[in-house]
Each structure stands twice: as structure tokens, then as C-alpha cells.
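Student: Mind folding the following:
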Amino acid sequence: MASLVERIVGAAKLDPATYEEVEADTTATPQAMLVVILANLAAGVGALRMVGIGGLLVATLVSLIGWYVWAFVIYFVGTRFMAGPKTEADVGQLLRTVGFSASPGLIRVVGIIPGLNAIASFVAAVWMLVAMVIAVRQGLDYDTTGRAVVVCLIGFAFYIAVGVVLGTLFGVTAAIIGN
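Tutor: Residues are numbered from 1 along each chain as shown. Reported below is the predicted structural model:
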């Protein structure tokens, strides 16, 4: 079994075997949650001047709720409406694979360097979306990437909606969308 750091690196390298490992390891859910928290904190470091410590803490809470919602929607859509011939999954498997797909978000910490926040956020967002597709493909045991892309897009719409609603309620929507 790989260490947390090895899993983070493997997930960031877009290694399907890493996603298969965390999918199967029922004890890895807290690790996946930690990856989500660390990726959000890395983003928050770059945006700290805009949101402050309170905003960073609220954005972290909102990201955890969003992670759960996104994983649940992916599970529901992926197993009920878009199941492939080999699809067999539970919410825990999707929480783990989706959580580790946030690994590339750790690079957002370089956003603390003036002028790099927008670039780091953009690169991380694209990288994380690619990682998410791989995580979903592996987590739902899909044979094709296209099916995973569609499920991710549907899940992403729910994730954004939850982020905007909760962010508006807590006053940190700009921080969440920007990071």
C-alpha cells in the first residue's frame, strides 16, 4: 500500500493504478478528505489577501460539502443512468477517487507569489478536471473515457450550484469561484 504522499503524487500524475488503489482501500476516505482540505488551503494561500482567514475557513468547509455532493451526484448518475457493463461502485469509492483528484490543486500554493495566482489557479483547474475524469472512469469501472466526461460535467454543474449557494450564504462566492 502506498503512503499518502505517494498517492497524492500518483493521483497528480494521472496514474489510473493510484485511483484503483484508493478506490479499493476503504481506510483511505480520511486521506481523500485531507487532500481536498489541503488543495483548498493551497488555493486560499494565494487568495488570502482577498478572503482573509475567516473566508478561507468557510471556503474550506464549502469545498468539503461540494466534494461530498459532487461524489454523490457522480455515484448516482454514474450507477443509475450511465452505468457501463462493468460498473460497480459505492459512494465511498467515489469519495476516495474524487478526493484524490484534487491533488493537482496543491500547486495553487504558488499563487502567493504576486502575479501567479490566476495562472496557478487556471493550470490547477484544468489539471484537476482531467484527474477527475480519470478518477471517475476508474471509480465507476468504465471502459471509455467519454462516459466519465459526461458524468463529470453533470456532477460539476451540481458542484458549482452548491458552491454558489453556500458561498452566497456565507459571503465567499468570489473566493470559491476564483479558486
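Student: who's in contact with Leu95?
Tutor: With CB atoms under 8 Å, 6 or more residues apart in numbering as the criterion, the residues that contact Leu95 are Thr29, Ala32, Met33, Trp67, Tyr68, Ala71. Using the backbone N, CA and C atoms, a C-beta is placed for each residue, glycine as well.
Student: list the contacts for Thr18?
Tutor: Ala2, Arg7, Gly10, Ala11, Phe100.
Student: now with 7 Å?
Tutor: Thr18 is in contact with Arg7, Gly10, Ala11, counting by CB atoms under 7 Å, 6 or more residues apart in numbering.
Student: With Gly78 instead?
Tutor: Thr87, Ala89, Val136, Leu140, Val151.
Student: what's the answer for Val136, then?
Tutor: Here Val136 is in contact with Ile74, Gly78, Ala148, Val151, Cys152 (CB under 7 Å, 6+ apart).
Student: any chance of those residues in a markdown table, plus secondary structure?
Tutor: Formatted as a markdown table, the contacts of Val136 follow (DSSP: H, G, I helix; E, B strand; the rest coil):
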| residue | secondary structure |
| --- | --- |
| Ile74 | helix |
| Gly78 | helix |
| Ala148 | helix |
| Val151 | helix |
| Cys152 | helix |
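Student: Neighbour-wise, give me the winner out of the contacts of Gly78.
Tutor: Comparing those by number of neighbours (other CB atoms under 10 Å), Val136 comes first, having 30 neighbours.
Student: That one in helix, strand or coil?
Tutor: Judged by three-state DSSP, the three-state class of Val136 is helix.
Student: how about the closest residue to Val91 other than its chain neighbours, what does it touch?
Tutor: Distances taken as CB to CB, 6 or more residues apart in numbering place Tyr75 nearest to Val91, at 4.9 Å, with adjacent residues excluded. Contacts here follow CB under 7 Å, 6+ apart; on that basis Tyr75 touches Ala89, Val91, Leu94.
Student: Just the pLDDT at Tyr75, thanks.
Tutor: Confidence per residue is given as pLDDT, and for Tyr75 that number is 96.
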